[in-house]
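[1] Here is a sequence with its predicted model. Questions after.
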Amino acid sequence: MKFILIFGPQAVGKMTVRHELTKITELKLFHNHMSIELFHPFFGFGSETWRLSSIVRRELFESFASSNQYGLIFTYLWGFDLQKDWEFVKQTCNLFESKGAEIYFVELESDIEERLKRNKTAFRLDQKPTKRNIEYSEMDLIKTMEEHRLNSKEGEITRENYLRINNTNLSADEVARLIKDEFNL
């Protein structure tokens, strides 16, 4: 079992890279917004959406980690200045490791100009209905970037299977192939 955590700021390409990686591996996909989008129509971005989303993620992770599947990719916006995000990552990795899974971290970074372009792509808007209000989505992207540290500092991630990629000028397919080759997936 393999658990691949792809993380980085909004619109850096996490979901698109994950999509391409599933085409060239046997990995299954689960992006952060899959659980958020499920409850958003009922509760907006309120605390109930986050509570229910957390329950769904935890249950899915538990079931998947106990299965005989090849592996799972999960994408996540990790606020490195937020203790609750560190705890979520630690708990999720511990769950998978307790079932014998190998853990892989992929950190994506990209220039803000490129991220603002990617924020409007048809694929992103199709997969994430809550991002379709472009004005709000761009405002949230910039606000989140200003309020939180969304990429790690050098040496902060100490996992053996860790890859950091600046994908500003790389296609999602190129990034997926780099990940596949680096980790022999």
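    Right, received. Where do you want to start?
[2] Quick check: residue 179 touching residue 163?
    Yes: between residue 179 and residue 163 a contact is recorded at 6.5 Å, counting by Cβ atoms under 8 Å. Where you see a C-beta, it was placed from the backbone N, CA and C, and this is true even at glycine.
[3] Of those two, which one has the most company?
    residue 179 (25 against 18; other Cβ atoms under 10 Å).
[4] In contact with the more buried one: list those residues for me.
    By Cβ atoms under 8 Å, 6 or more residues apart in numbering, residue 179 lies in contact with 4, 17, 21, 104, 106, 163, 165, 185.
[5] could you pull out the helices for the protein?
    Ranges of helices in the chain, per DSSP state H, are 14-24, 32-43, 47-65, 83-98, 112-118, 122-127, 134-147, 172-183.
[6] For the first one, buried residues please.
    Pointing back at helix 14-24 there. Using 16 or more other Cβ atoms under 10 Å as the test for burial, helix 14-24 gives 14-21.
[7] Same list (those residues) but as a markdown table, adding distance to residue 97 and pLDDT.
    Converted to a markdown table, the buried residues of helix 14-24 look like this (distance: Cβ to Cβ, whole Å; pLDDT from 0 to 100):
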| residue | distance to residue 97 | pLDDT |
| --- | --- | --- |
| 14 | 22 | 87 |
| 15 | 25 | 81 |
| 16 | 27 | 85 |
| 17 | 23 | 92 |
| 18 | 21 | 89 |
| 19 | 26 | 86 |
| 20 | 26 | 92 |
| 21 | 21 | 96 |
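[8] Go through these and name the one nearest residue 136.
    Nearest to residue 136 among these is residue 15, at 18.4 Å by Cβ to Cβ.
[9] The closest one against residue 76, yeah?
    No: taking contacts as Cβ under 8 Å, residue 15 lies outside contact range of residue 76: 10.8 Å.
[10] before we move on, the earlier item: for the helices of the chain, which one sits closest to residue 72?
    For these, the distance to residue 72 is smallest for helix 47-65, at 5.2 Å, taking Cβ to Cβ.
[11] chain center to that closest one: distance?
    A distance of 15 Å separates the centroid of the chain from that of helix 47-65, by Cα atoms, centre = their mean, to the nearest Å.
[12] buried set for that helix?
    Counting neighbours by 16+ other Cβ under 10 Å, helix 47-65 gives 49, 52-53, 57, 61, 64-65 as buried.
[13] Can you tell me which of the buried residues of helix 14-24 is nearest residue 151?
    Of all those, residue 151 sits closest to residue 14, with 12.2 Å by Cβ to Cβ.
[14] Look up which residues are beta-bridged to the nearest residue to the closest one once chain neighbours are set aside.
    Nearest residue to residue 14 in three dimensions, chain neighbours excluded: residue 75, at 3.9 Å (Cβ to Cβ, 6 or more residues apart in numbering). Residues in a beta bridge with residue 75, per DSSP bridges, are residue 6, residue 31.
[15] quick one: residue 75 from residue 100, how far?
    Taken as Cβ to Cβ, to the nearest Å, the spacing of residue 75 relative to residue 100 amounts to 23 Å.
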